[in-house]
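K.L.:
Structure here, sequence nowhere to be found:
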């Protein structure tokens, strides 16, 4: 039997870091718009007047041993990932991708004769850089990581999710990355283009008290809004959750609007495998299940193999 989520009578709130990183600040819930409506995270969301505030836990003072273990877990996940990474040349990511004509550089072996002849006609004494070759170039990816920190993800589950965020942020350091945490509300922890570090993102996720219901619809709707602001040909959302959606509208509709949606489903406790599969199918992505943090690295690798 399909779970019936709670009908929301108030709109969810979108939070952003504030107070020097010690709090999350969101708009007045009564003025946040319709409870199930489309959200635009790039618009002016709130003022300090009538703002909702969530105090973040000081990870330097509380649970230091557990947080150190989570960082170690992130390193273990990263060690088991094999994400296809770009060369250090900032102009292109070569490998599997669109076939493109480029100036010759070491390693190129397929000459674009038509383009090279045009260059030689204008310069009969060519240098290596005047030769045009054909190579496959990978486009820079734009990825929104959406991590569930609702009440159903408390304890070890949220620590594994936080470790996955830290590990994946390190693995995608040459791509465009945004990070969103959600419960019945949501918080944008990093926008595209923000300067941050994998460990800073991990610590921020850990510092948010696990709380509330699980509003997958609002999280995906917000992530879709973030993607609408970028032009990369490879735009995707990666959802880390148990998919126990119990608040807000059915998320299947918004999943279908996302260019690609992959689902990393935690099955170590309660979960909704049917919803996870539906979201990945409608979002033209993949679903992978994980029971412990040891499963996370290979699962993340599979999402970026194509």
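P.N.:
Happy to help now that I have it. Model, not experiment: these values are computed from the prediction.
K.L.:
need the helices for the stretch 101-250 of the chain, in chain order.
P.N.:
Taking DSSP state H, counting those that start in this stretch as the test, the helices found in the stretch 101-250 of the chain are 113-122, 156-171, 198-207, 216-227.
K.L.:
burial count for residue 161?
P.N.:
Residues within reach of residue 161, counting by other Cβ atoms under 10 Å, total 29. Quick note: C-beta positions are derived from backbone N, CA and C, even for glycine.
K.L.:
do residue 193 as well
P.N.:
Counted by other Cβ under 10 Å, the residues lying close to residue 193 total 10.
K.L.:
For residue 212, give me the backbone phi and psi.
P.N.:
Reported as degrees, to the nearest 10, the phi and psi values for residue 212 are phi 70, psi -170.
K.L.:
returning to that earlier point: ranking the helices of the stretch 101-250 of the chain by mean pLDDT, which is last?
P.N.:
When those are compared by mean pLDDT, helix 113-122 comes last with a mean of 62.
K.L.:
possible to save the helices of the stretch 101-250 of the chain as a markdown table with distance to residue 266?
P.N.:
Shown next, in a markdown table, are those (distance: least, Cβ to Cβ, whole Å):
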| stretch | distance to residue 266 |
| --- | --- |
| helix 113-122 | 50 |
| helix 156-171 | 5 |
| helix 198-207 | 14 |
| helix 216-227 | 13 |
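K.L.:
looking at the ones you listed, which is closest to residue 189?
P.N.:
helix 198-207 (5.2 Å; Cβ to Cβ).
K.L.:
contacts for the closest one?
P.N.:
With Cβ atoms under 8 Å, 6 or more residues apart in numbering as the test, helix 198-207 has contacts from 17, 21, 56-59, 67, 70-71, 74, 147, 149, 158-159, 161-163, 165-167, 169-170, 173, 179, 181, 189-190.
K.L.:
Would you mind listing which of the residues you listed are buried?
P.N.:
17, 56, 59, 67, 70-71, 74, 147, 149, 158-159, 161-163, 165-167, 169-170, 179, 181, 189-190 (16 or more other Cβ atoms under 10 Å).
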